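>>> Predicted model, plus sequence, below.
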Amino acid sequence: VEGGEEVVKLHFPMSCNLDYLGHRLTATSLLPINSDETLVHGISNARNLGVVPVLDGGECKVALEGIGRSMGLRRHVVGRGDCRTVITHAADVEVHKGTDGNYYVLDTARVLPPRYPVCTSGDSSVGVSQRCLTELFREEFVRRVKGGLNPDGMSGFNHECEGGEGRRRIK
């Protein structure tokens with residue numbers, strides 16, 4: 001209990017990378033969730049960029065906003081048209097309420113803001129456009145930026161400023 005209010009406990013799946021004879025295996029714990037049925041916050045289908053995230057109006061959103069602020073992330077708009085909403089974390093971070101009653105956070109690969117992609121002579125346009133998924137700022141840097149950074153700044157989820165202001169802020 002914090003400030004007289006119950007604080008939701010977020011759980012993260014345990015995972016491990018195993019390297020053996022030049023092969024990599026990623027092992028992740030099984031969770032008591034079942035896709036869209038247990039989703040309470042986030043977007044389960046990242047290919048559909050026009051979708052507004054499912055938003056738990058209370059405890060999950062408050063917990064995620066607190067985590068985002070502590071990491072130096074900035075509130076930003078996702079969604080399109082009349083279906084816009086403001087969040088602090090990356091739009092494709094998911095929270096599921098498991099069949100055991102616990103909340104599980106998934107898809108945190110893009111939790112930090114991306115670096116602005118710089119083209120080199122051998123880059124393909126596809127390679128450059130996908131860098132926002134892999135070339136991320138370090139958390140220590142993000143915490144130092146006054147006003148915070150938008151974790152969706154270079155993704156298709158970012159609809160904060162249609163004129164590109166969100167992208168210029170990353171540069």
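It's in.
>>> all helices for this structure, in order.
Secondary structure of the chain (DSSP state H): helices located at 59-71, 125-129, 139-144, 165-170.
>>> And Y20, how far from R75?
In this view, Y20 and R75 are 43 Å apart by CB to CB, to the nearest Å. All C-beta spots, glycine's among them, are computed from the backbone N, C-alpha and C.
>>> picking that back up, the helices of the chain: lowest mean pLDDT?
Of all the helices of the chain, mean pLDDT reaches its minimum on helix 165-170 (a mean of 48).
>>> Contacts only, for the residue sitting furthest away from the middle of the chain.
Farthest-out residue of the chain from its mean C-alpha position, per CA atoms, centre = their mean: L21, at 32.8 Å. Listed by CB atoms under 8 Å, 6 or more residues apart in numbering, L21 has no contact partners.
>>> any low-confidence regions in this structure?
1-8, 44-57, 117-129, 131-132, 159-171 (pLDDT under 70).
>>> Let's see that with 80 instead.
Scanning the chain with the threshold set as pLDDT under 80 gives 1-8, 35-36, 42-61, 79-85, 116-134, 153-171.
>>> center of it, which residue is that?
Centroid-nearest residue in the chain: A90, 2.7 Å away (criterion: CA atoms, centre = their mean).
>>> What is the burial count for the closest residue to it other than its chain neighbours?
In space, and not counting its chain neighbours, A90 is closest to P151: 4.1 Å by CB to CB, 6 or more residues apart in numbering. Neighbour count for P151, taken as other CB atoms under 10 Å: 30.
>>> Quick check, P151 in contact with I87.
No: contact criterion CB atoms under 8 Å: P151 and I87 do not qualify, at 9.2 Å.
>>> intersection of neighbour lists for these two?
Common contacts of P151 and I87, defined by CB under 8 Å, 6+ apart, comprise 68, 76.
>>> okay, Y20 and R75: which has more neighbours?
R75 (14 against 7).
>>> wait, what's in contact with that one?
Contacts of R75 (CB under 8 Å, 6+ apart): 65, 68, 86-88, 148.
>>> Which of those residues lies at the shortest distance from T108?
G68 (11.8 Å; CB to CB).
>>> List the residues that contact the closest one.
Applying CB under 8 Å, 6+ apart to G68 gives the contacts 75, 87-89, 151.
>>> Dump those residues into a markdown table; add distance to T38 as well.
Output for the contacts of G68, formatted as a markdown table (distance: CB to CB, whole Å):
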| residue | distance to T38 |
| --- | --- |
| R75 | 26 |
| I87 | 19 |
| T88 | 22 |
| H89 | 18 |
| P151 | 23 |
